[in-house]
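Enquirer: Just to be clear, the model below is a prediction. Sequence and coordinates:
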Amino acid sequence: MRILVVDDEKPLVKGVRFNLERDGYMVDTCHDGAEGVALAKEHRYDLVILDLMMPGVDGLEACRRIREFSSVPVIMLTAKGEDMDKLIGFEYGADDYVTKPFNILELKARIRAVLRRGSAQAEPEGELLRRGGITLDPAARTVTANGQRRELTAKEFDLLELMMRNPGRVYSRESLLNIVWGFEFPGDIRTVDVHIRRLREKLEENPARPEHILTKWSVGYYFSAQPHTDK
């Protein structure tokens, strides 16, 4: 597995690289967001770790630019503990975050969780999922809506696949956090709302009146292959 670490704190980068290489990862590093974006475009990474607060091109902008050409999983490093900062990170396409100062064991655990999910999803899993004009290929991790390719982040893809495999089943926000993130997620539960909204923006003809990814008020979310109309 090849990982890119982007952070302007050189001692931190050196320590992270040392620990990850000891675990067998290939690690590239740089210290500013613009170079990180260039490296992500030049090489194929399995994971990108981005510091939120960097001079020049910060982590949010770097993540936004990476999302223009890649769905590689992104873990954001942030010195801030505010939930709003984390939600903004998810808005820009981050898949997970770790708050500084962090224990290297926590970072490695989150890295393993992200890579494990990606590896498991990359294995062939049989036929394509086709529901309501949306086609999901579990092996290639691609999605089309009405015949057009749609680029999803790793978490967006995992959420969509879970719901498409279980149409009509309503998932609470808490259950989606635990299933898709793979561990007891410590962040704001609105994280799920952010990812659902982004899925609707990418897949629904009218995100304000979704036909596929629906809300069961006061309960959670579910996928319906049938067109949805208000009565």
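Expert: Received, thanks. The structure presented is a predicted model; accordingly, all values stated were derived computationally and were not measured.
Enquirer: OK, contacts around Y92?
Expert: Y92 makes contacts with L60, E61, C63, R64, R67, as judged by C-beta atoms under 8 Å, 6 or more residues apart in numbering. C-beta: built from backbone N, CA, C; applies to glycine.
Enquirer: correct me, but the third one touches L50?
Expert: Yes. In this structure, C63 sits in contact with L50. The criterion is C-beta atoms under 8 Å, and the distance is 5.8 Å.
Enquirer: Give me the common contacts of these two.
Expert: Common contacts of C63 and L50, defined by C-beta under 8 Å, 6+ apart, comprise V74, M76, A94.
Enquirer: Setting aside sequence neighbours, what's the nearest residue to the last one?
Expert: If I follow you right, that is A94. Spatial nearest neighbour of A94, chain neighbours left out: M76 (4.4 Å); criterion: C-beta to C-beta, 6 or more residues apart in numbering.
Enquirer: quick check: domain ranges of the protein?
Expert: 2-121, 123-223 (automatic domain parsing).
Enquirer: okay, the ones you listed in a markdown table with mean pLDDT next?
Expert: Below are the domains of the chain laid out as a markdown table (pLDDT from 0 to 100):
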| stretch | mean pLDDT |
| --- | --- |
| domain 2-121 | 87 |
| domain 123-223 | 85 |
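Enquirer: Helices of this structure, start to end?
Expert: For the chain, the helices defined by DSSP state H cover 10-22, 33-42, 59-67, 83-91, 104-122, 154-165, 173-181, 190-203.
Enquirer: do you know how far T153 is from P101?
Expert: Computed as C-beta to C-beta, to the nearest Å, the T153 to P101 distance reads 26 Å.
Enquirer: Most neighbours out of the shared contacts of C63 and L50, which is it?
Expert: Neighbour counts for the shared contacts of C63 and L50, by other C-beta atoms under 10 Å, peak at V74, which reaches 30 neighbours.
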